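# sequence below, structure please.
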Amino acid sequence: LASRAGDETVNVERRSSTSDRFGRGEEVPMRFDEFLRLMAAEDGSGDGTRHYLTTQTCLADDDGRPGLLSPLMERLRDDFPLRPDIMGNLVPQNANL
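Numbers count the residues shown, from 1 in each chain. Alright, predicted model coming up:
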C-alpha cells in the first residue's frame, strides 16, 4: 500500500486518547504512508488505535456528480475489481478503504 499510494494525502480522524470515541469529526490530513506507520506502531504509544482512516471524499465531475473513487482509491485501482462477482447486478456508488 505504501509503495502504491504512500504519498497520497488522506483524511484521518484522530482521537486524543484511546478512551475517547471516534465520530467526533476531529479529522486531520496526513500522508497515507504516515497513517500506515501509525497503524503498525507497536511501541505502546497507542498511536495505532487513536487514528481512523475516515471515508475519503470523491471528486465531482463537471456536472457535479461525485466520482466512484477517491484519489487514494484511484491509486489502488488495479488492486480490486470495480464490480466483484458477489455484487451480482448491483452497480457501486462509491468504493472506499
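# show me where this structure has its strands.
Here the chain has its strands, by DSSP state E, at 9-14, 27-31, 51-53.
# sheet partners, orientation included, of the helix or strand of the chain with the lowest mean pLDDT?
In the chain, no helix or strand scores lower on mean pLDDT, DSSP states H and E than strand 51-53, which sits at a mean of 90. Each strand paired with strand 51-53, and its direction, by DSSP bridges: strand 9-14 (antiparallel).
# which other residues reach the strand it pairs with?
With contacts defined as C-beta atoms under 8 Å, 6 or more residues apart in numbering, strand 9-14 is touched by 22-32, 35, 50-54, 56-57, 72. Every residue, glycine included, has its C-beta placed from N, CA and C.
# also stretch 88-97?
Residues outside stretch 88-97 that contact it (C-beta under 8 Å, 6+ apart): 53, 55-56, 58, 66, 68-70, 72-73, 76, 80, 82-83.
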